[in-house]
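**Q** Got a predicted structure plus its sequence, pasted below:
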Amino acid sequence: MQMRSYGAQCTARRRGTRARLGLLVGVSILCLVVGVGSASASQGDVAATRTYLEVNYGFVQLVASKIKPIEARLHEVQSQVARECPMAAIGSPEDAQSEQLSNEVIGTLVESAVPLLVHPAALRFLLVAGGLHWSDAGLTSAVHSYVAKLEKIAILGIPSLCTDVRAWAASGYRTLPASTLSFEPQFMSNWVSAGELPAGLTRYESASERPLLRRTHQLEDEIAELEAREAETWRMIMNDLVLLP
């Protein structure tokens, strides 16, 4: 679940926020290194886990707080497609290319929600989680991979769905446009939901963190319900385009 442009004023504000948060994160990491330098690896793992759970909760809380505007934005996307390119893929086959365009429909919905999540909580998650390390290399890799995928989704941008479907139709449904061939694999290989709790974290969680975990899971359930509901929006867009998955 998702960080980009609202114009020059917001860009400047985000840069200022990024700089301040970057300084805070740098200081925090330095303090952690100095404070835990001679401590055991398990103590460092516990500290990293606590930090991750806190920033992950902040990110999930942000996404959950935006559920209503996200839904409204996705419904706007469907209305726009119905208005601007109805039946653009009429007569198209159901094949590997139609599947790629179906994935582009999903990507259009996800990327359309991204600007609603431009917020310090999202930036803090990316900056802090991306700098954490555990003695378990697999856990560190899982967290860093998740962060990298979120960062990629944040910068992909919204594809020109109507333009791409029309280009495919103009080729006689033989050739996908370069824009689809570029966007679709990048989106599908990086598409993740908001909130990630790798299994390896459980070894370092404490009883005091259980309330935080319960709240996190509750919010993740709300986000999962949003995703399930919006499958219907995807279906409506597919029908508007007369595009087979």
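**A** That came through, no problem.

**Q** For this structure, which segments count as helices?
**A** Secondary structure of the chain by DSSP state H: the helices cover 8-36, 41-65, 67-84, 96-113, 120-129, 137-156, 161-170, 178-190, 210-241.

**Q** nearest to P198, of these?
**A** helix 137-156 (4.3 Å; CB to CB). To be clear about C-beta, it is placed using only N, CA and C from the backbone, and glycine gets the same treatment.

**Q** Now do that closest one and helix 178-190, the angle between them.
**A** 150 degrees (axes from the mean of the first three to the mean of the last three CA atoms, to 10 degrees).

**Q** Quick check: buried residues in helix 137-156?
**A** 139-140, 142-143, 146-147, 150, 153-154, 156 (16 or more other CB atoms under 10 Å).

**Q** Just put the helices of the chain in TSV and tack on mean pLDDT.
**A** What follows is the helices of the chain, written out as TSV (pLDDT from 0 to 100):
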stretch	mean pLDDT
helix 8-36	37
helix 41-65	95
helix 67-84	98
helix 96-113	98
helix 120-129	96
helix 137-156	97
helix 161-170	98
helix 178-190	98
helix 210-241	97
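
**Q** Those helices: which one's closest to G200?
**A** helix 137-156 (3.5 Å).

**Q** Compute the inter-axis angle for that closest one and helix 41-65.
**A** Using the same axes, to 10 degrees: helix 137-156 against helix 41-65 is 30 degrees.

**Q** What lies in contact with helix 137-156?
**A** Residues outside helix 137-156 that contact it (CB atoms under 8 Å, 6 or more residues apart in numbering): 2-4, 52, 107, 110-111, 114, 125-126, 129-130, 132-134, 183, 186-187, 190-192, 196, 198, 200-201.

**Q** Turn the buried ones among these into a named ChimeraX selection, would you?
**A** Here is the ChimeraX command that selects only those of the contacts of helix 137-156 that count as buried (16+ other CB under 10 Å):
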select :2,3,4,52,107,110,111,114,125,126,129,132,134,183,187,190,191,192,196,198,200,201
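
**Q** Nearest residue to E230 in space, please, no chain neighbours.
**A** With CB to CB, 6 or more residues apart in numbering as the criterion, E230 has its nearest non-adjacent residue at 5.5 Å, and that residue is L74.

**Q** In a markdown table, list the helices of the chain along with distance to I90.
**A** Below are those laid out as a markdown table (distance: least, CB to CB, whole Å):
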| stretch | distance to I90 |
| --- | --- |
| helix 8-36 | 39 |
| helix 41-65 | 36 |
| helix 67-84 | 14 |
| helix 96-113 | 12 |
| helix 120-129 | 39 |
| helix 137-156 | 28 |
| helix 161-170 | 8 |
| helix 178-190 | 18 |
| helix 210-241 | 8 |
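
**Q** and the residue nearest to F125 when sequence neighbours are not counted, what is it in contact with?
**A** Among residues not flanking F125 along the chain, F59 sits closest, at 3.9 Å (CB to CB, 6+ apart). By CB under 8 Å, 6+ apart, F59 lies in contact with 121-122, 124-125, 194-195.

**Q** and if you look at F183?
**A** 104, 107, 156, 159.

**Q** Contact partners for the first one?
**A** So the one you mean is E104. Taking CB under 8 Å, 6+ apart as the test, what E104 contacts is 159, 161, 164, 180, 183-184, 187.

**Q** 7 Å - rerun?
**A** The contact partners of E104, by CB atoms under 7 Å, 6 or more residues apart in numbering, come to 159, 161, 164, 180, 183-184.

**Q** And P245, what's its pLDDT?
**A** Per-residue pLDDT puts P245 at 89.
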